[in-house]
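[1] Just to be clear, the model below is a prediction. Sequence and coordinates:
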Amino acid sequence: RARELHPHDRYRVARALEIWYATGEAPSRYKPQYSPSFHTLIIVVDPPDDVLRARMHERTRTMLPGWIVEVQKIIGTPWEAFVRKKGFIGYAEIIDWLATDQSKSSVEMLVETIVRQTWQYIRRQRIFWKKLQRNLTKNRNNSPFQCTIVVCRAATEPTASAIVDRIAYDLRNIAKRNAA
């Protein structure tokens, strides 16, 4: 596992050391197994980038006033150190913003910072799903059960019926591939 980690990936290196010191075993022993114990269908709703970015901006601006009130309540408590340590998106930035000028232009910078961090998180999630799908495909013969991941990338606001229609379409294609 050490060869897989970048030396500057402090979080994963620290986590690996925690596992080593706590158990005395190599962290690679705890690596996830990609062998489902039952038939599984995972549905990932992943709208196009432009739709996601617009929603992130709108959601961040809508949430910000209440979020600021929430953050004000944790400043100076043990929760402040906790949210900083965990790296929750937006919290440290709002804490720092509250300690500065709080001008209207700095609010826009705060929103942009939170949106950028959210986008980085979305990218990591997409990588996770692709890697999981690759590992499930690679280990398909190790299990009598099948796990299928269906990614729905609706171009517009997806309705429940649109998502169900897309899933049915994808499942028919999966069934055809498996029958072949």
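    Looks like it came in fine.
[2] Which strand or helix spans the residue nearest in space to the middle of the chain?
    The centroid of the chain falls nearest to Gln125 when counting by C-alpha atoms, centre = their mean (3.8 Å). Assigned by DSSP states H and E, Gln125 belongs to helix 104-138.
[3] Show me what whichever helix or strand comes after that helix pairs with in its sheet, parallel or antiparallel.
    Downstream of helix 104-138, the next assigned helix or strand under DSSP H and E is strand 147-152. According to DSSP bridges, strand 147-152 forms sheet pairs with strand 40-45 (parallel).
[4] Number of residues surrounding Val164?
    Val164 has 13 neighbouring residues, counting by other C-beta atoms under 10 Å. To be clear about C-beta, it is placed using only N, CA and C from the backbone, and glycine gets the same treatment.
[5] In contact with Thr77, which residues?
    Listed by C-beta atoms under 8 Å, 6 or more residues apart in numbering, the contact set of Thr77 is empty.
[6] any idea how far Thr23 is from it?
    Spatial separation of Thr77 from Thr23 under the definition C-beta to C-beta, to the nearest Å is 32 Å.
[7] do Val111 as well
    42 Å.
[8] And those two? Which one has more around it.
    Taking other C-beta under 10 Å, Val111 and Thr23 do not tie; Val111 has more neighbours (18 against 11).
[9] how far away is the nearest residue to the more buried one once chain neighbours are set aside from Gly90?
    Computed as C-beta to C-beta, 6 or more residues apart in numbering, the closest residue to Val111 that is not its neighbour in sequence is Thr60, at 5.2 Å. Between Thr60 and Gly90 the distance, using C-beta to C-beta, works out to 8 Å.
[10] got any residues that touch both of the two?
    Common neighbours of Thr60 and Gly90 (C-beta under 8 Å, 6+ apart) are Ile114.
[11] that older thread, so the helix holding Gln125 versus strand 147-152, what angle?
    140 degrees (axes from the mean of the first three to the mean of the last three C-alpha atoms, to 10 degrees).
[12] Buried residues, helix 104-138. List them.
    Using 16 or more other C-beta atoms under 10 Å as the test for burial, helix 104-138 gives Leu110, Val111, Thr113, Ile114, Val115, Gln117, Thr118, Leu132, Gln133, Leu136.
[13] Next up, the contacts around the fourth one.
    The one in question is Ile114. Thr60, Ile89, Gly90, Glu93.
[14] If we use 10 Å, what do you get?
    56-57, 59-61, 63-64, 67, 89-91, 93-94, 97 (C-beta atoms under 10 Å, 6 or more residues apart in numbering).
[15] All good on my end, thank you.
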